[in-house]
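Q: What follows is a predicted protein model with its sequence.
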Amino acid sequence: MPDMQPGGVARGRPRHRLSHRKLFVIMTALMLCLLLQALDQTMVALAMPRIVASLHGFDLYAWVVTAYVLGSTVLLPIAGRLSDQFGRKHFVLGGVVLFLIGSALSGQAEDMHHLVIFRAIQGAAAGAGITMVYSVVGDLFEPRERAKWGGFFGAVYGFASFAGPTLGGWLADHGPLIEGFITDETRWRWVFYIHLPFGLIAFAVLAVVLPHDLSERVTKERGWAAVGRVDFGGAALSAAATVCLMLALTWTSIDAKGWTSPRVLAGFAAAIGLFSMFLRHEQRTKSEAILPRIFFQIRDFRNAASYGLLVGMVWLSVIFYLPLFLQGVVGQSATSAGIAMLPLTIAQSIYSSGVGYMLRRTGGRYRGWATFGAAVLFLSLFGMTRMGASSPELMVSFLMIMIGIGIGVFMPVTSTLAQIVVPRSMLGAATNSIGYLRSVGQMLGVALVGAIVQTSLGTSATPLATLRSGAKVEGLETALQNGLGAIAVFALLLLVAVRLARNISIFGEETGRSR
């Protein structure tokens, strides 16, 4: 158990003192792992029309994405707790291997049903291992350094958000032909195969240089004695609740009755009931709980959890609906819309990378920067609700830059805050719990905004599925303005959460008074 400072803030000294050269190699390999995961999501989105044309099964279009998120979200809290018990390295390496297996199988898929299953394997790999790299940063560095590296990881996602669509589109259209293996119709397979060489490099590097005893284990038992301490009941309840939530959110967009559909309501009811059972189980279990009771007792962890949930609701909703605004309202082509999104992603990358350095000037006191980010995010999203087809492109670009800045500020803050307020032995569980809540927020945000947009469009509007490059959908401008207004409300709630938080340092030192 690490030393604790007043207010429950862990000092969190790393257990290893590695050379700068070895640390650089490790961090490069970890960022490569994250890049594979981030690129995969954006590349597949651009290649999906070609994939559906090749494999057919348009009714399973949404499930190619849903299966990935489901596999990742279910395993995030489970893997985090298990890594605290059995060590971090094997989970990271296992996640990379499983991701490569899922990528290879996805590239060989012969129908949409198989592709959905293989995408679930990729998602499980991301949740069980690849996202564990954030916990590895917590193991390797003191709190003062974690924000800096967390910013670099945020920059990786920012880079992938604009490089992925370009690369995915190019591979789907111009990937190399291999006689008897890849034809003009199946060039999209390169979207999955491209991961294999880079993933093998990352695996080889981490296998050699990443320390085996990286994390401080919760238990000293080995073998079946250690397995017996695993909270299998909590894992099952968490997985079942998440599956029900995902199914209900997915059905809202494909069921004619939307949110009032009997199966949607039944799915939400089951999710609420199972989550309630899960929380009660976690408070009573004698095993090593997936979500330890202490988490619910730490005010600053609750703050970090609220940030993760709300930032997730804002981020994916923005990424998902702004391109639709550019194509369906402004009338841009898909390529032009991708270029128009660059100001947002570049600003997000710059601030994600730089906020760690900026925090050093204030001794790690994050609330001022977080307030700035949330306020900028709310004002820029509110400004987007006033934009339309005739709005100046320069104004739209400026607002996108502001949105990118607002989101970028929170990228390195949320996970770092969660890590410094819990005991080091629970670092993996804390980090993955934040990732889990962020994923739930992404699902909730997109589903809520989607329901608002669909309701605003009404039954007489041109279906969104008919949208083509440069085409404008009747009624879409008002509908998306309403949807962006909902995202602005999410940002306002984020601002309120920040202002209600304590002004502590994410470097592990309390710098303000509780409010």
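A: Yep, it's here. Computed from a predicted structure; not experimentally measured. Numbering: from 1, shown residues only.

Q: pLDDT weak spots in the stretch 201-350 of the chain?
A: Residue ranges of the stretch 201-350 of the chain with pLDDT under 70: 213-230, 253-254, 286-290, 333-335, 337-338.

Q: so where's the stretch 51-200 of the chain shaky on pLDDT?
A: Counting by pLDDT under 70, the stretch 51-200 of the chain contains low-confidence residues at 58-59, 61-62, 143-144, 147-148, 150-151, 154, 158, 161-162.

Q: let's go with 90 and repeat that
A: Where the stretch 51-200 of the chain drops to pLDDT under 90, the residues are 51-93, 95, 110, 112, 123-188, 191, 198-199.

Q: what are the ranges of the helices in it?
A: Here the stretch 51-200 of the chain has its helices, by DSSP state H, counting those that start in this stretch, at 61-86, 89-107, 112-128, 133-140, 143-174, 190-193, 195-209.

Q: Go through those and name the closest to Gly331.
A: Smallest distance to Gly331 across the helices of the stretch 51-200 of the chain (CB to CB): 18.9 Å, for helix 143-174. (Glycine included, C-beta is placed from N, CA and C.)

Q: Nearest residue to the residue most central in space within the chain in space, ignoring adjacent ones along the chain?
A: The centroid of the chain falls nearest to Ser439 when counting by CA atoms, centre = their mean (5.4 Å). Spatial nearest neighbour of Ser439, excluding adjacent residues (CB to CB, 6 or more residues apart in numbering): Thr73 at 4.3 Å.

Q: so the one you found makes contact with Arg438?
A: No. Using CB atoms under 8 Å as the test, Thr73 is too far from Arg438 to be in contact (9.4 Å).

Q: So for the two, which sits in the more crowded spot?
A: Thr73 (27 against 24; other CB atoms under 10 Å).

Q: so who does the residue nearest to Ser439 touch?
A: By CB atoms under 8 Å, 6 or more residues apart in numbering, the contact set of Thr73 is Gly123, Gly127, Thr242, Met246, Tyr436, Ser439, Val440, Met443.

Q: and it, how far is that from Val329?
A: Plainly put, Thr73 is 31 Å away from Val329 if you go by CB to CB, to the nearest Å.

Q: quick revisit: let's see which of the contacts of Thr73 end up in helices.
A: By the criterion of DSSP state H, membership of the contacts of Thr73 in helices covers Gly123, Gly127, Thr242, Met246, Tyr436, Ser439, Val440, Met443.

Q: how far away is the residue nearest to Ser505 when sequence neighbours are not counted from Ser353?
A: Nearest residue to Ser505, sequence neighbours excluded (CB to CB, 6+ apart): Gly364, at 3.4 Å. According to CB to CB, Gly364 and Ser353 sit 17 Å apart.

Q: okay, stretch 485-492 in CSV with CA atoms only?
A: Only the C-alpha atoms of stretch 485-492 are listed here, as CSV (Å, rounded to 0.1, in the frame of the first residue of the first chain):
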residue,chain,number,x,y,z
GLY,A,485,-27.9,21.7,-28.5
ALA,A,486,-28.1,18.4,-26.5
ILE,A,487,-24.3,18.0,-26.7
ALA,A,488,-23.9,21.5,-25.4
VAL,A,489,-26.1,20.5,-22.4
PHE,A,490,-23.6,17.6,-21.8
ALA,A,491,-20.8,20.1,-21.8
LEU,A,492,-22.7,22.4,-19.4
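
Q: can you give me how far it is from the chain middle?
A: The chain centroid and the centroid of stretch 485-492 are separated by 19 Å under CA atoms, centre = their mean, to the nearest Å.

Q: Equivalent analysis for stretch 484-498, please.
A: Once both centres are worked out by CA atoms, centre = their mean, stretch 484-498 turns out to sit 18 Å from its chain's centre.

Q: Now do it: everything it contacts.
A: When contacts are defined by CB under 8 Å, 6+ apart, stretch 484-498 is touched by residues 303, 306-307, 310-311, 313-314, 317-318, 321, 325, 367, 370-371, 374-375, 377-378, 381-382, 384-385, 406, 410, 445, 448-449, 452.
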